[in-house]
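Novice: Just need the structure, nothing else, for what follows:
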Amino acid sequence: MTPLLSCRRASARPLWSLLLLPLIVFCSSLSYAEPAKKAEDKADKLAPEVVKTEHKMTIQGQKVSYQAISGETILKDDKDEPLASIFSISYLRNDIKDSSTRPVTFIFNGGPGSASLWLHMGLFGPKRVVVPDAKDDGAAPYRIESNDYSVLDESDLVFIDPVGTGFSRALGDKKGADFWGVKEDAQSIAEFIRRWLIEHKRWNSPKYLAGESYGTTRAAALVNELQGGWTDISVNGIMLISSILDFSHARYQPGNNQPYIGFLPTMAATAFYHNKVSAADKALGLEAFIEEARQFAIKDYALALLQGSRLTPEAYQAVRQSLARFTGLSEHYLDRVNLRVSASRYTKELLRDQDLTIGRLDSRYTGKDYDSGGDSTDDDPSGYGIDGAYTAAMHQYLYDDLGVTLSRPFNVLSVDVNRGWNWNISGKQMHYVNVAPYLGQAQRENKDLRIFVGNGYFDFATPFFATENTFADNGIDNSRVSMHYYKAGHMMYVEPESLTQLVKDIRAFYQPK
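Specialist: Numbers count the residues shown, from 1 in each chain. Below is the predicted model of the structure:
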């Protein structure tokens with residue numbers, strides 16, 4: 001998801017270029033202590049709240065007892081002055097005798113500006129919220145249940161909310177913006193992890209990172225800080241769910257043809273799902289049709305875009321016909337956009353004849369706009385289709401099951417964080433951020449580092465073919481990369497079959513080869 005400080009939910013419409021989820025932000029008010037109490041109140045505010053609770057659950061027939069630790073970690077400078085409070089929730093299995101063989105997985109979502117509730121309440125955590133697949137979640141009550149898909153039996157889990165998300169915040173003289181940036185964010189999370197390993201005596205445990213959407217960008221920047229920075233913490237594995245590492249693949253700007261190539265197979269998958277392809281192509285099956293779209297995208301289509309005005313009329317016509325075949329759009333429309341269809345236009349155009357739009361996070365979802373004109377959607381039906389359920393479930397779980405008593409607002413997604421993000425990672429102004437080379441270097445300097453990549457076929461936020469193109473370059477050792485695909489979107493775990501397969505794949509990833 002992605003970053004107006006508002007007391008109400010803001011429209012997601014202006015957030016098209018942002019990565020993760022539907023926008024939910026809450027306003028807060030400040031109260032001031034009486035002068036005589038300032039010192040005492042300041043000390044109270046800096047005293048971290050930590051709540052420990054004991055739990056039992058059954059995961060795939062196995063009984064698991066565990067401790068949940070919910071609370072704040074205070075990051076300090078070398079003068080012992082507070083810098084930030086990082087809120088996290090840790091789940092530690094109780095019956096482990098040798099923690100050196102027990103993995104610990106550090107988990108976060110993206111945005112930038114999102115708390116970690118999506119992976120928490122949708123995939124990894126002990127409880128999950130069940131939402132209807134590819135339909136709007138409606139209003140409360142929502143179904144919250146014990147999560148039989150959790151991997152807590154395999155690994156201890158630590159869910160991290162970066163500064164400005166969840167309950168996490170800057171302290172002292174620091175401002176949130178001091179932590180809002182690719183490098184700044186990675187440094188603060190690296191420091192949190194270092195502190196966590198000290199507190200829980202887990203330096204010799206296998207260590208994994210798991211991120212979704214911008215969280216995959218964070219994971220790459222974070223492993224660079226952990227392994228290449230002063231902490232010198234080696235990582236066993238990185239799980240990238242709905243990955244974006246090289247942002248040139250997602251920025252539609254004149255002269256940059258990467259997005260048109262990278263998004264095309266996702267358009268083909270979407271056209272297939274919504275029956276906008278021929279009967280012959282439908283008979284091929286989804287994967288075979290996608291593969292033909294891949295080959296067209298990387299060969300004839302890429303060459304045509306590169307040639308530009310040098311393309312002959314005959315070649316132009318052939319490319320236009322193939323493009324119509326894979327996108328489900330008319331040749332007349334493709335003429336009007338010069339063979340270049342952006343994701344935002346596509347989600348509005350594909351089902352325009354039915355007065356429907358399709359989702360950005362998951363193009364299986366459909367919605368209705370105020371009218372059927374225009375070239376972009378009012379909102380993302382796959383965003384508002386799940387946000388109410390996840391937000392309610394997280395709040396209910398925090399205060400009911402975990403016993404958290406913090407009363408300040410829990411920022412599900414912060415617009416301030418997102419819009420204030422510093423994308424400069426090199427000291428020079430960069431047009432497109434690319435953290436993929438960090439993974440290649442991390443592998444070269446750690447022979448045991450493996451990478452898991454989960455892709456949704458119907459994801460218009462982080463398209464799978466753009467991810468494939470990223471991993472084909474950037475010095476990454478693909479013999480240590482496992483690439484997986486699911487018939488769902490950005491959050492593939494909302495689709496039952498994809499959830500089942502995703503968990504099987506993640507469990508297999510924990511087993512060293």
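Novice: What residues does the nearest residue to Tyr333 once chain neighbours are set aside make contact with?
Specialist: Counting by CB to CB, 6 or more residues apart in numbering, Tyr333 lies nearest to Glu349, which is 6.6 Å off, once chain neighbours are set aside. Placement of C-beta: from N, CA and C, glycine included. The contact partners of Glu349, by CB atoms under 8 Å, 6 or more residues apart in numbering, come to 329, 333, 341, 375.
Novice: What's the local residue count around the residue lying closest to Gly367 once chain neighbours are set aside?
Specialist: Among residues not flanking Gly367 along the chain, Pro381 sits closest, at 3.0 Å (CB to CB, 6+ apart). Neighbour count for Pro381, taken as other CB atoms under 10 Å: 28.
Novice: Confirm that Pro381 sits in a strand.
Specialist: No - assigned with DSSP: H, G, I helix; E, B strand; the rest coil, Pro381 falls outside any strand and is coil.
Novice: where does it land on pLDDT?
Specialist: We have a pLDDT of 97 for Pro381.
Novice: and the gap between it and Arg364?
Specialist: 10 Å (CB to CB, to the nearest Å).
Novice: any residues in contact with both of those two?
Specialist: Ile358.
Novice: residues of stretch 398-418 that come out buried?
Specialist: 398, 402, 404, 406, 410-418 (16 or more other CB atoms under 10 Å).
Novice: Name the nearest of those residues relative to Ala304.
Specialist: Using CB to CB, the shortest approach to Ala304 within those belongs to Asn418, at 34.8 Å.
Novice: Need phi/psi at that closest one.
Specialist: phi -60, psi -50 (degrees, to the nearest 10).
Novice: That one contacts Gly113, correct?
Specialist: Yes - contact status for Asn418 versus Gly113: in contact at 4.0 Å, counting by CB atoms under 8 Å.
Novice: Show the average pLDDT along the helix or strand hosting Gly262.
Specialist: Using DSSP states H and E, Gly262 sits within helix 258-273. Across helix 258-273, pLDDT averages out at 98.
Novice: Alpha carbons of it, as PDB, please.
Specialist: Output in PDB follows, covering the C-alpha atoms of helix 258-273 (Å, rounded to 0.1, in the frame of the first residue of the first chain):
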ATOM      1  CA  GLN A 258      10.100  -1.200 -19.800                       C
ATOM      2  CA  PRO A 259       6.600  -1.000 -18.200                       C
ATOM      3  CA  TYR A 260       4.800  -1.700 -21.500                       C
ATOM      4  CA  ILE A 261       6.800  -4.900 -21.900                       C
ATOM      5  CA  GLY A 262       6.700  -6.000 -18.300                       C
ATOM      6  CA  PHE A 263       2.900  -5.500 -17.800                       C
ATOM      7  CA  LEU A 264       1.800  -7.200 -21.000                       C
ATOM      8  CA  PRO A 265       1.700 -10.800 -19.800                       C
ATOM      9  CA  THR A 266      -0.400  -9.600 -16.800                       C
ATOM     10  CA  MET A 267      -2.800  -8.000 -19.300                       C
ATOM     11  CA  ALA A 268      -3.000 -11.300 -21.100                       C
ATOM     12  CA  ALA A 269      -3.800 -13.100 -17.900                       C
ATOM     13  CA  THR A 270      -6.500 -10.600 -17.100                       C
ATOM     14  CA  ALA A 271      -8.000 -10.700 -20.600                       C
ATOM     15  CA  PHE A 272      -8.100 -14.500 -20.300                       C
ATOM     16  CA  TYR A 273      -9.800 -14.400 -16.900                       C
END
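Novice: how about the helices in the stretch 1-150 of the chain?
Specialist: 38-46, 117-119 (DSSP state H, counting those that start in this stretch).
Novice: separation between Ser330 and Leu339?
Specialist: 13 Å.
Novice: So for these two, which sits in the more crowded spot?
Specialist: A count of neighbours by other CB under 10 Å puts Leu339 above the other of Ser330 and Leu339, at 16 against 12.
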